[in-house]
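Colleague: what's the 3D shape of this:
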Amino acid sequence: MTSTSIATIQARQILDSRGRPTVEVDVTLTDGSSGRAAVPSGASTGASEAHELRDDDPRYYDGLSVKKAVHNVNTEIAKALARHDAQEQRHIDDKLRELDGTIELKRLGANAILGVSIAVCRAAAVSMKQPLHARIAELSGTSRVQMPLPMVNILSGGLHAGRGMDIQDFLAIPASATTIEEAIRLISKVRNAATELSRQRGLPTLLADEGGLSPGFESATQALDLMMASIEAAGLIPGQDIVIAIDVAATSLRAVGGGYQLAREGRKLQFGEMIDMMERWVSTYPVVSIEDGLDEEDWEGWEALSSRLASRTQLVGDDLFTTNSTRVKKGIQNGIANGVLVKVNQNGTLSGTLDVVALAKAAGYATIISARSGETEDPFIADLAVGTAAGQIKIGSLRTSSTICKYNQLLRIEAETGAPYAGINALAARSGL
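Modeller: Now for the predicted structure:
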């Protein structure tokens, strides 16, 4: 055994930002160093994501409890990893996948495995007296860490807001900022202005899952108009100080028999019409990034969308790619999209996630480290974005402790390291600005 050998692993059930159970894991090493991780959970989920194990017992949290996953950590996983060296992250992660024995981590649960994977990384960083982002940089082979460009939720619909709007999220990107501190300050102005304008117009100001406002508009145009008005009310210039990103989450819009159902607008569109709609957004508003514009299995549509817009717009795959190397490779081979949303719980291990980031970067795709709608107070993804020099991060709005803790961690890292800020050049299709 070494000083960084795993001594104990202990998991428990805690609650996420939506009040639903999730897994938290503590890993302690033989030298007394310890690391803790809490696992997020999504609402808008791709079919190819790693499997989140829940108990399905209606007596506990409407079937959403995670006692099985916790038990798996405290018994089988803890026994299998005892005395393994926490510095050997890939070995640990490979061992976890081997132990589960399924591609989607269905037996032990991706939530159990990811909690252990991240807690091991943290414990090793503590033992080696490294900041977490520096440990991640070492694991990912990143020679120069970087502060990420944030895209921040302002208005929400879709599965994040009870389908109050067809389109899931409208986000602000601080185009003129030169530091993460300035970026957060500019976004705060826009978020506050959006709240005040909503009040003035008699719109609801209650928070959606990711802390955005949910005005319940019938069309995307209405939401984009409020985004523009909010930017201007903040004393900023649309297209210069602030640009706009949209998360369509089109998989949740797919209609029986094909096509896409925009229920609030009362119309059904085929993929060509969806592409026409997105092109109008880009032509009419300073929209520079569109996520999941089409269904996760609409590969033909994605090829057409990419051919039409990828040269001037960042096209991001979330449900399309699910932080899955096989799906990302397929996208690269077919010239589909130009950005990959990276969510650690979609993949299931830290090493697997780092592999996806490396794969995307090697192909010239933008990488956006992302939170989930069911988050925790664990700021891990802030360190992940910096340590991998991913370029972009998508956390959620400037509300609630589960998102604010991540912005605060970015502020700490910038203050402590003086790391350079990626800025607007991190966007794919930068020529679109």
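
Colleague: List the residues that contact residue 40.
Modeller: Going by Cβ atoms under 8 Å, 6 or more residues apart in numbering, residue 40 touches 16, 22, 343, 344, 345, 371, 372, 374, 375, 376, 378. C-beta: built from backbone N, CA, C; applies to glycine.

Colleague: and the nearest residue to the second one once chain neighbours are set aside, how many neighbours?
Modeller: Here the nearest residue to residue 22 in space, its sequence neighbours aside, is residue 16; by Cβ to Cβ, 6 or more residues apart in numbering that works out to 4.6 Å. Neighbourhood size, residue 16 [other Cβ atoms under 10 Å]: 21.

Colleague: Please name the residues that touch residue 16.
Modeller: Contacts of residue 16 were listed using Cβ under 8 Å, 6+ apart, and they are 22, 38, 40, 41, 374, 375, 376, 402.

Colleague: hang on, the earlier thing: got the contacts of residue 40 as JSON lines, with secondary structure, pLDDT and distance to residue 253 columns?
Modeller: Formatted as JSON lines, these follow (DSSP: H, G, I helix; E, B strand; the rest coil; pLDDT from 0 to 100; distance: Cβ to Cβ, whole Å):
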{"residue": "16", "secondary structure": "coil", "pLDDT": "95", "distance to residue 253": "25"}
{"residue": "22", "secondary structure": "strand", "pLDDT": "97", "distance to residue 253": "27"}
{"residue": "343", "secondary structure": "coil", "pLDDT": "96", "distance to residue 253": "20"}
{"residue": "344", "secondary structure": "helix", "pLDDT": "96", "distance to residue 253": "26"}
{"residue": "345", "secondary structure": "helix", "pLDDT": "94", "distance to residue 253": "23"}
{"residue": "371", "secondary structure": "coil", "pLDDT": "93", "distance to residue 253": "22"}
{"residue": "372", "secondary structure": "coil", "pLDDT": "87", "distance to residue 253": "20"}
{"residue": "374", "secondary structure": "strand", "pLDDT": "89", "distance to residue 253": "21"}
{"residue": "375", "secondary structure": "coil", "pLDDT": "93", "distance to residue 253": "24"}
{"residue": "376", "secondary structure": "coil", "pLDDT": "95", "distance to residue 253": "28"}
{"residue": "378", "secondary structure": "coil", "pLDDT": "97", "distance to residue 253": "31"}
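
Colleague: Three-state assignment for residue 145, please.
Modeller: Assigned with DSSP: H, G, I helix; E, B strand; the rest coil, residue 145 falls in the coil class.

Colleague: same check, this time on the one 10 residues further on
Modeller: Under the three-state scheme (three-state DSSP), residue 155 adopts strand.

Colleague: can you start the count at 267 instead of 1 from here on
Modeller: Understood, numbering begins at 267; the last thing we discussed is residue 421.

Colleague: in the sheet, who's paired with it?
Modeller: residue 436, residue 479 (DSSP bridges).

Colleague: which residues sit in contact with it?
Modeller: 431, 435, 436, 460, 478, 479, 480, 481, 489, 492, 493.

Colleague: where does it land on pLDDT?
Modeller: pLDDT for residue 421: 95.

Colleague: ok, it to residue 294 distance?
Modeller: To residue 294, residue 421 is 43 Å away according to Cβ to Cβ, to the nearest Å.

Colleague: From the contacts of residue 421, pick the one nearest residue 354.
Modeller: Closest approach between the contacts of residue 421 and residue 354, by Cβ to Cβ: residue 435, at 38.3 Å.

Colleague: The closest one: what's it in contact with?
Modeller: Here residue 435 is in contact with 419, 421, 422, 423, 424, 426, 476, 478, 512, 513, 515, 557 (Cβ under 8 Å, 6+ apart).

Colleague: isn't the third one right up against residue 482?
Modeller: Right, residue 422. No - Residue 422 lies out of contact with residue 482 (Cβ atoms under 8 Å); the separation is 10.1 Å.

Colleague: Can you tell me the SS state at residue 633?
Modeller: Residue 633 carries the three-state label strand when classified by three-state DSSP.

Colleague: so what's residue 647 up against?
Modeller: Contact analysis of residue 647 by Cβ under 8 Å, 6+ apart lists 610, 635, 636, 637, 659, 661, 672.

Colleague: can you list contacts of stretch 316-335?
Modeller: Applying Cβ under 8 Å, 6+ apart, the contact partners of stretch 316-335 are 277, 279, 286-289, 307, 338, 368, 370-372, 374-380, 611-614.

Colleague: from the chain's centre, how far out does it sit?
Modeller: Its chain's C-alpha centre and that of stretch 316-335 lie 22 Å apart, by Cα atoms, centre = their mean, to the nearest Å.

Colleague: That one: end-to-end distance?
Modeller: The straight-line separation of the ends of stretch 316-335 (Cα to Cα, to the nearest Å) is 14 Å.

Colleague: Likewise for stretch 661-674?
Modeller: When the termini of stretch 661-674 are compared using Cα to Cα, they are 12 Å apart.

Colleague: Would you indicate which residues of it are buried?
Modeller: Buried residues in stretch 661-674, counted by 16 or more other Cβ atoms under 10 Å: 661, 662, 663, 664, 665, 666, 668, 669, 670, 671, 672, 673.

Colleague: Tell me the secondary structure of the fifth one, please.
Modeller: Look at residue 665: counting by three-state DSSP, its state is coil.

Colleague: Isn't it up against residue 477?
Modeller: Yes - counting by Cβ under 8 Å, residue 665 does reach residue 477; the two are 3.5 Å apart.

Colleague: Of the contacts of residue 421, just say which sits nearest to residue 471.
Modeller: Nearest to residue 471 out of these is residue 479 (Cβ to Cβ; 6.1 Å).

Colleague: Buried ones only from the contacts of stretch 316-335, please, as a PyMOL command.
Modeller: Per 16+ other Cβ under 10 Å, the buried members of these correspond to this PyMOL selection:
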select buried, resi 277+279+286+287+288+289+307+338+371+374+375+376+377+378+379+380+611+612+613+614
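
Colleague: Sort out for me which of the contacts of stretch 316-335 are in strands.
Modeller: Those of the contacts of stretch 316-335 mapping onto strands are 277, 279, 287, 288, 289, per DSSP state E.
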